[in-house]
Each structure stands twice: as structure tokens, then as C-alpha cells.
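Participant: Structure, please.
(2 chains)
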Amino acid sequence: DAKTTQPNSMESNEEEPVHLPCNHSTISGTDYIHWYRQLPSQGPEYVIHGLTSNVNNRMASLAIAEDRKSSTLILHRATLRDAAVYYCILRDRRSQGNLIFGKGTKLSVKP
Amino acid sequence: ETGVTQTPRHLVMGMTNKKSLKCEQHLGHNAMYWYKQSAKKPLELMFVYNFKEQTENNSVPSRFSPECPNSSHLFLHLHTLQPEDSALYLCASSQDGTRNTEAFFGQGTRLTVV
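Facilitator: Residues are numbered from 1 along each chain as shown, chains lettered A, B, ... in the order given. Below is the predicted model:
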């Protein structure tokens, strides 16, 4: 199974941009890169996903390296509500695309 | 509100009890999932159902028994659990089981086995 590597934790200041990195050097050609986040005492929620091109939505942007071996989730202006654990996940075609979670990055946002 | 509802939100049960967790979605999704989240551990995928058929069982002990009577409902039947089974149990659904569809999660059932 393709694996991802993320920093255990990161800190950000409120209203500043946040760049959350993810390494996935063993990604296969048709693996999608998904990001989810889990706020305290809640289930995970979808943030964004992509395959090759950079993606933008109302929550965040996803920048994917040209060789697809890494990606970065960008929160343009962090708010206190963005404090959560962020998971970078590859949808593995051999497991019918199941979401397999790692440890993620715990993001703290300081006022 | 994600559209995926889990009941109960909290459950305390003895090791000899039998209980069931319920998950319901009216998003028109065809894939449903059970995950377990223990303290300070990543989410563990337990079971996957696609179009009411179980497609994945990640070596889950038989004291956990899933049931998917239709595409909108998923149950997890529990019996003779152990204290180490105490965890947050999360249900999710997605349009189907392919790798480019997003999953929606419920808020979970916090289970305590005493």
C-alpha cells in the first residue's frame, strides 16, 4: 500500500497562511491524493482531493508536485476553527479505494 | 451536519451485554464504512459495504458483527466485548467505493466497556 508521511504537529498564527506538507514517494499512477481533517470530538471531514493538477475549493488549496511524490495543503488564512488533525491519504485502488488513515498532522492555531 | 447520523452518541456496556450501534444516511450513497478510533491511535478501517455487500473485513474479531440491510442503514452488533474495545466508533458513507469520491462521516459513538 502506498504510504504518506506527515509532520506530527505544526503551529500557525491566526489569519496567516498555513502550508501542511505530505510526502508520498511510493504513489502509483492512479492514486488520488485526499485530505481530510478531524476537529476535536468530531468525525473526520473532507477537505480536498486531486490527482495531478493543483486544486482549489472554498476550504483550501492543494498543490501537487510535478512528480506527484509530495503535496501541500494550503489554508490561506488560518482561523481558530481550523485547529484540527489533518490527514493526507492516498486512495489505494487495490483496496477498492478505501480511505486508510495515518497519524496526520495536528495543527494548532494561536490567536 | 454531514448527513450521516449515528446513534447512540455515547454507550456504556458491560462485557456480557449485547448492544448495537446504528448509522443512517440519506445522501443516496452506496458505500458505507465502520471505523474504530482508539485513544491516540489512527482511525482503523473495520468493515466496508458496497451496494449492501460486504467487501472488506479487516481482521475484526467476531464479537463485532456488521449488518447492512439496505444502502441507507448500517449496524454494528456488539457482544462480549473487552475493555480494550472502548473507543470512538465512526460510520462513513460515500457515493461508491471508488478512489475519487469523498466520504462523509458521522459524529461517532463513544463506547465504554466496563
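Participant: I figured A:T72 was touching A:A63, is that so?
Facilitator: Yes: counting by Cβ atoms under 8 Å, A:T72 does reach A:A63; the two are 4.6 Å apart. Where you see a C-beta, it was placed from the backbone N, CA and C, and this is true even at glycine.
Participant: Point me to the residue sitting closest to the centre of chain B.
Facilitator: In chain B, the centroid-proximal residue (Cα atoms, centre = their mean) is B:W34; its distance is 3.0 Å.
Participant: Quick check: bridge partners of that one?
Facilitator: Note on B:W34: beta-bridge partners by DSSP bridges are B:F47, B:C91.
Participant: Pretty sure it sits against B:S93.
Facilitator: No: using Cβ under 8 Å, B:W34 is not in contact with B:S93, being 10.9 Å away.
Participant: pretty sure A:N57 contacts A:G50?
Facilitator: No: contact between A:N57 and A:G50 fails when scored by Cβ under 8 Å: they sit 10.1 Å apart.
Participant: Name every strand pairing with the helix or strand of chain B with the lowest mean pLDDT and say which way it goes.
Facilitator: Within chain B, confidence by mean pLDDT, DSSP states H and E is lowest for strand B:53-57 among all helices and strands, at a mean of 85. Within its sheet, strand B:53-57 is paired with strand B:44-50 (antiparallel), according to DSSP bridges.
Participant: what's the offset of the strand it pairs with from the middle of its chain?
Facilitator: Taking Cα atoms, centre = their mean, to the nearest Å, the mean C-alpha location of strand B:44-50 is offset from the chain mean by 8 Å.
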